[in-house]
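Asker: quick one, fold the following:
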Amino acid sequence: MRFWYWAVVAVASCGGGRSSPNTGHDAAQDRMEDRADATTLDAQPMVDASAPDGSSCPTQPVETIFEPQPSAELVLIGDPGSPRGIFDPSLVYPAGAPAGALSYSSVAATNDIRTRIAVSTDAGATFRTIAEANAPATTTVDSAGDPGCPGGRCTGQLLHEVSSLIIDPDDPDAARRWKLFTHRYLVMPGDVLRYELGHIALATAPAPEGPWSASRNLIGWRSSSPLSSVGAVLIAQDVPGLADCVALTEPAALWLPGAALDLAVGCVSVVAGVPRIRIERLRSVNHAATFQHVGLLLESDAARCYGSTSGRINAAHLFFAGGRQYVIATPDETGLGYRGCLVFPVDDPGSGMVRRNGSGLPLAVRRLTAAGQFHGACDYAEGATALGYLLPVAFLDQPPRIFRTFATRVAAP
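Answerer: Numbering: from 1, shown residues only. Predicted coordinates:
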């Protein structure tokens, strides 16, 4: 739900054809209902495309072109009001579970975004909002030497966005078994978004309905303000593989049964004056008390073979399906924003290595798109069989309710 690069630049610098649609559907398509209109295209090689190093691109993944219909919107009962809509869903719904939960961004204004929690008992056909995990707060922070902060102090709304919800059933502290990761950052007057004046935050609860703890700085970075680093258990610039990250964003958590919690984050860097985003993987073996860097999950050019030229891939979501681990990621195009979702198998969960071809290029197995729209930050949960992949879409030409989330009815992968 963001055009990251404009903020980063300001801070850092102060064809191929496709086949015709199939006459039939793949197995996932067969499970789609009438209200989600989608077309699946054959996988085939990209024409006249190459990776940044000139090597051949992989075979193209199965592509699902989704046409958003009102009847396919995510059904939320009891939401107390989201005038500009909802976005950035995060599902917890294990296969066969009697119920599941969802966190989402409720958008009232650019400086009024909060995270709400909803639950479902019908495989995701409907959700009921039951809690508000956080809310914007007027805050003044120190920011020495910052030209955007007169006198070295910035005042604005501190808000949470792009949440990731998980259950950590192994945590010995029952009050912390539900965990909510967000990017908490400052929005200044005039809707000036200061993403770098923020951190990756954590809140916890014994159950989806709460009570939710106050958010704390979990993973930070060094910026002009101590807001970004004080209290963090990991500082990006102290880790060799993250040293060039001027900010982290879009956290995506995954519980590894009996082993660990993994957290994928977007690393925003600036290369020769050009903002880039890649996805890195972190791991905690002590229920989010500390984190270590596992390694690169998806490089900034990971979507180059899938039509992206921006050098930015973001909005990761980690999930299991059929006993296999996957990561969803979204290309972020200059002037256009999010452009669909790519699904990559994670072949080595220990190292976080996604499937690659002989040239070392990431191999996506599915691509979800909605023609002509700002869309991405998809999510999936195996137990939410009524949903398939969730696909958020921004209707920028249809205010006020711009942000909407749709059930594609497409099953993984």
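Asker: can we go C-alpha only for contacts and neighbour counts from here?
Answerer: Will do.
Asker: residue 138 versus residue 156, what's the distance?
Answerer: 6 Å (CA to CA, to the nearest Å).
Asker: who's more crowded, these two?
Answerer: residue 156 (22 against 13; other CA atoms under 10 Å).
Asker: any idea what that one is bridged to?
Answerer: residue 139 (DSSP bridges).
Asker: swap in residue 102?
Answerer: When bridges are called by DSSP bridges, residue 102 pairs up with residue 91, residue 118.
Asker: check it and give its pLDDT.
Answerer: Per-residue pLDDT puts residue 102 at 99.
Asker: mind listing what it touches?
Answerer: Residues near residue 102 by CA atoms under 8 Å, 6 or more residues apart in numbering: 89, 90, 91, 92, 117, 118, 119, 127, 165.
Asker: apply 7 Å and report the result again.
Answerer: Counting by CA atoms under 7 Å, 6 or more residues apart in numbering, residue 102 touches 89, 90, 91, 92, 117, 118, 119.
Asker: are we agreed that the first one is in a strand?
Answerer: Yes. Secondary structure assignment (DSSP: H, G, I helix; E, B strand; the rest coil) places residue 89 inside a strand.
Asker: SS state for residue 241?
Answerer: helix.
Asker: report the contact partners of it.
Answerer: No contacts exist for residue 241 under CA under 7 Å, 6+ apart.
Asker: what of residue 183?
Answerer: 160, 161, 162, 199, 200, 201, 249, 250.
Asker: ok, which stretches of the stretch 201-350 of the chain are strands?
Answerer: 216-220, 234-235, 247-256, 260-271, 274-284, 292-298, 313-321, 324-333, 337-338, 341-348 (DSSP state E, counting those that start in this stretch).
Asker: could I get those strands as a markdown table with mean neighbour count?
Answerer: A markdown table is the format used below for the strands of the stretch 201-350 of the chain (neighbours: other CA atoms under 10 Å):
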| stretch | mean neighbour count |
| --- | --- |
| strand 216-220 | 23 |
| strand 234-235 | 20 |
| strand 247-256 | 25 |
| strand 260-271 | 23 |
| strand 274-284 | 22 |
| strand 292-298 | 20 |
| strand 313-321 | 26 |
| strand 324-333 | 24 |
| strand 337-338 | 22 |
| strand 341-348 | 23 |
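Asker: quick one: which of those is nearest residue 379?
Answerer: Comparing those against residue 379 with CA to CA, the closest turns out to be strand 313-321 (6.0 Å).
Asker: run the chain-centre distance for the closest one.
Answerer: Centre-to-centre, strand 313-321 and its host chain are 7 Å apart (CA atoms, centre = their mean, to the nearest Å).
Asker: ok, now stretch 286-293?
Answerer: 20 Å.
Asker: for the record, mean pLDDT for that stretch?
Answerer: Per-residue scores along stretch 286-293 average to 98.
Asker: next, the distance between the ends of that stretch.
Answerer: With CA to CA, one end of stretch 286-293 sits 14 Å from the other.
Asker: what's the closest of the contacts of residue 183 to residue 70?
Answerer: For the contacts of residue 183, the nearest to residue 70 is residue 162 (23.3 Å; CA to CA).
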